[in-house]
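**Student:** Take this sequence and fold it.
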Amino acid sequence: MTSKMCGLMLVFALFAPSIATAATVVTVPGGTQVPVQVVEPISSSNANVGDVFQITTAKDIVVNNWIVIPKGSPGQGEVISVDRAGSHGHPGSLGLQVDYVYSADGGKVKLSNISHANQAEGNSGAASTATIASYVVLGPLGLFAHNFVKGKDLTIDSSKTILVFVDYTVHIKATAHPTNDYEH
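**Tutor:** Numbers count the residues shown, from 1 in each chain. Down below sits the predicted model:
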């Protein structure tokens, strides 16, 4: 091996790590979509206003072909309203505020305060059916049987994705590009 080749190999060896981990500052506009999932299930049957919950990002967030928030990045949210399921088929509901996730460079990215007051599928049809059936079977006293049909509580688990948004424009030092099999 010639001394010129050895010198080139040494130069390449010195700069190769910095090339592989070169960072670029990426501007992430406010309003960028961030799908997240809860780490532990949250249910309208036992959640309370003020409860803090952990989240993770559901996929890589890519801006200008740079991963700015990796899939699985942790974050946090808070329960801001709870309505427990009740009689007459009244479904439970939850209001969630997703606060932040961590970016590729370790900074907190504030997410918009979107309340997700999703309602569980109501049992109003079941209550109406119970009322009609109980009237036929029990006569006029059966008209009050629908008071005993309880609605369904809402549970959000890690299989459900919640779409939130970056609250305001941020600048993130990104070091990785998505793989070739990345789905947009």
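**Student:** Confirm Ala85 sits in a strand?
**Tutor:** No - applying DSSP: H, G, I helix; E, B strand; the rest coil, one finds Ala85 to be coil, outside a strand.
**Student:** my guess is it contacts Ser44, does it?
**Tutor:** Yes - between Ala85 and Ser44 there is a contact at 6.5 Å, judged by Cβ atoms under 8 Å. All C-beta atoms are positioned from the backbone trio N, CA, C, and that covers glycine.
**Student:** Enumerate every residue touching Asp60.
**Tutor:** 67, 69-71, 178, 182 (Cβ atoms under 8 Å, 6 or more residues apart in numbering).
**Student:** So among those, which ones count as buried?
**Tutor:** 67, 69-70 (16 or more other Cβ atoms under 10 Å).
**Student:** just to revisit the earlier point, the contacts of Asp60: which two are farthest apart?
**Tutor:** Ile69 and Tyr182 (13.7 Å; Cβ to Cβ).
**Student:** give me every residue that touches the residue nearest to Asp51 when sequence neighbours are not counted.
**Tutor:** Excluding the flanking residues, the one nearest Asp51 by Cβ to Cβ, 6 or more residues apart in numbering is Val79, at 4.3 Å. Val79 is in contact with 42, 47-53, 94-97, counting by Cβ under 8 Å, 6+ apart.
**Student:** Now tabulate those in CSV and tack on neighbour count, distance to Gly107 and secondary structure.
**Tutor:** CSV is the format used below for the contacts of Val79 (neighbours: other Cβ atoms under 10 Å; distance: Cβ to Cβ, whole Å; DSSP: H, G, I helix; E, B strand; the rest coil):
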residue, neighbour count, distance to Gly107, secondary structure
Ile42, 21, 26, strand
Ala47, 23, 29, coil
Asn48, 7, 30, coil
Val49, 10, 28, coil
Gly50, 9, 26, coil
Asp51, 14, 25, coil
Val52, 9, 20, strand
Phe53, 19, 21, strand
Leu94, 24, 28, strand
Gly95, 18, 27, strand
Leu96, 25, 23, strand
Gln97, 17, 20, strand
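**Student:** from these, which is closest to Val170?
**Tutor:** Nearest member of the contacts of Val79 to Val170, counting by Cβ to Cβ, is Gln97, at 18.6 Å.
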